[in-house]
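Enquirer: Sequence and computational prediction follow.
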Protein chains: 2
Amino acid sequence: MARNKHPEETVQRILDVAFRLFMEKGYEHTSIQDMIDHLDGLSKGAIYHHFKSKEDILVAVTDKMTEESNQMLAVIRDRTDLTGKEKLKTIFKESLCRSVQDEIFTVAPDFSNSPRLLFSIFRETVDEAAPDYILPILKEGIADGSIRTEYPAELAELILLAANIWMNPMVFDNSPEESYRKFRVFAQMMQGFGLDVVDDEMLGRLQELASVYQKNK
Amino acid sequence: MARNKHPEETVQRILDVAFRLFMEKGYEHTSIQDMIDHLDGLSKGAIYHHFKSKEDILVAVTDKMTEESNQMLAVIRDRTDLTGKEKLKTIFKESLCRSVQDEIFTVAPDFSNSPRLLFSIFRETVDEAAPDYILPILKEGIADGSIRTEYPAELAELILLAANIWMNPMVFDNSPEESYRKFRVFAQMMQGFGLDVVDDEMLGRLQELASVYQKNK
């Protein structure tokens, strides 16, 4: 086989095929061999040249999704027509409602047995999403008077760990009923910080995603 | 070498030596060879027979500490002279103040680069500590009127994830100042649930542990 002159294209092809197979067959039921069968002419060695393991590929697939999610977060963060509190509400709503979430929850990876996957979502939340998107919004809310906290960096982390990880039906393998109860506790927590930013539409959507996950896991 | 007839004793010896070395040299600077040098007559193969890696040994060492911590939690949970809310406060206080914490924070493992270690503390919190110790206490508090929540199982999880993981200076590599701010946010969160169970003594102790960690990492 000719030497690969475009490694980033190869990586992209692997990720596209992997994502489609994860969606169709589920992560657990997809093997590296399945990917090779759909990657015309690519060898197992070529895949392992770019990725250490199937889990490594999943992490790359989810990283790509995170990138897209971050673009959405940046657009909301940079709007000039909303207060800080309104931006926070818009972010929760958009994060839940955007249609790619149905795809992600259909892939339905098993977090309960994957330290690396949990670690990846954990670090992304703490190192990027909280400081880069939620913190500026909280600071803006403090400046415009719509949010009150003395410790915006820490509050940003706590809110996002609760929302992205604890309330994520994939991470905790939650049923729609468990998601309902977590959402209620989360809403009360936010209320305690003076942040009435979640509503029943979001709750319904969270339960829907929990249901998609439970059907596909 | 004679065949090992007491594998649990061997495991115990390995864990004792590992713990001591982690304390003296730090986890990162301790090698499997260091352990062998202190385990008179034990071969590398014997260690690898019981543990897959150095991180595996660290997980076993922390599991053992968790076991001791759980015994302390059980004693408080089963007391008959305290309300639910008083038990919750006592648990926070004891968890921070017991002296073994100084030893644990001296070992100072690096969580930022260890998916398995994070996973281990995460699962222990969600699968054991929250349902086995905090949930019964919240239920008791609901019954005796000292705690008000409709969703004790979910609240138990959220509180403990915040306290054990987010507010843990080892997991987030927090300075005493960062620990101060997190503690304030945590206190406000607990207040939002009507739970005035943390105080300045606990704050001081948390900062002390953060300082021990920073010195030894």
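Expert: Noted; the coordinates are in hand.
Enquirer: Tell me if I'm right that residue A:183 and residue A:201 touch.
Expert: No - in this structure residue A:183 lies outside contact range of residue A:201 using Cβ atoms under 8 Å: 11.5 Å. C-betas here are computed from N, CA, C, even on glycine.
Enquirer: which ones are touching the residue of chain A found nearest chain B?
Expert: Chain B sits closest to residue A:192 of chain A, with a gap of 1.7 Å, by Cβ to the nearest Cβ. By Cβ atoms under 8 Å, 6 or more residues apart in numbering or on different chains, residue A:192 lies in contact with B:188-189, B:191-193.
Enquirer: Please, a ChimeraX command that selects the buried ones among the residues you listed?
Expert: Of the contacts of residue A:192, the buried ones can be selected in ChimeraX as follows, counting by 16 or more other Cβ atoms under 10 Å in any protein chain shown:
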select /B:188,189,193
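Enquirer: Can you tell me how far residue A:204 is from residue B:70?
Expert: Distance of residue A:204 to residue B:70, computed by Cβ to Cβ, to the nearest Å: 38 Å.
Enquirer: Residue A:10: helix or strand, and which one exactly?
Expert: Element membership for residue A:10 (DSSP states H and E) is helix A:7-25.
Enquirer: returning to what we had before: more crowded one of residue A:183 and residue A:201?
Expert: residue A:183 (22 against 11; other Cβ atoms under 10 Å in any protein chain shown).
Enquirer: buried residues in the helix or strand hosting that one?
Expert: Secondary structure from DSSP H and E places residue A:183 in helix A:176-192. Residues of helix A:176-192 classed as buried by neighbour count (16+ other Cβ under 10 Å): A:176, A:178-190.
Enquirer: Then stretch A:23-35?
Expert: A:23, A:26-27, A:30, A:32, A:34-35.
Enquirer: How about residues contacting it?
Expert: Contact partners of stretch A:23-35, identified using Cβ under 8 Å, 6+ apart, comprise A:14, A:17-18, A:21-22, A:44, A:47, A:54, A:57-58, A:103, A:106-110, A:216-217.
Enquirer: Sitting in strands, which of the residues you listed do you find?
Expert: The members of those all map outside strands under DSSP state E.
Enquirer: Tell me which of those fall in helices.
Expert: Among the contacts of stretch A:23-35, the ones falling in helices (DSSP state H) are A:14, A:17-18, A:21-22, A:44, A:47, A:54, A:57-58, A:103, A:106-107, A:216.
Enquirer: Which residue would you name as the spatial centre of chain A?
Expert: By Cα atoms, centre = their mean, chain A has its centre lying nearest to residue A:66, at 5.7 Å.
Enquirer: Skipping adjacent residues, who's closest to that one in space?
Expert: In space, not counting the residues next to it along the chain, residue A:66 is nearest to residue A:124; the distance is 5.6 Å by Cβ to Cβ, 6 or more residues apart in numbering or on different chains.
Enquirer: between the host helix or strand of that neighbour and helix B:115-124, how big is the angle?
Expert: For residue A:124, the element it lies in under DSSP H and E is helix A:115-124. Orientation of helix A:115-124 against helix B:115-124 (axes from the mean of the first three to the mean of the last three Cα atoms, to 10 degrees) gives an angle of 90 degrees.
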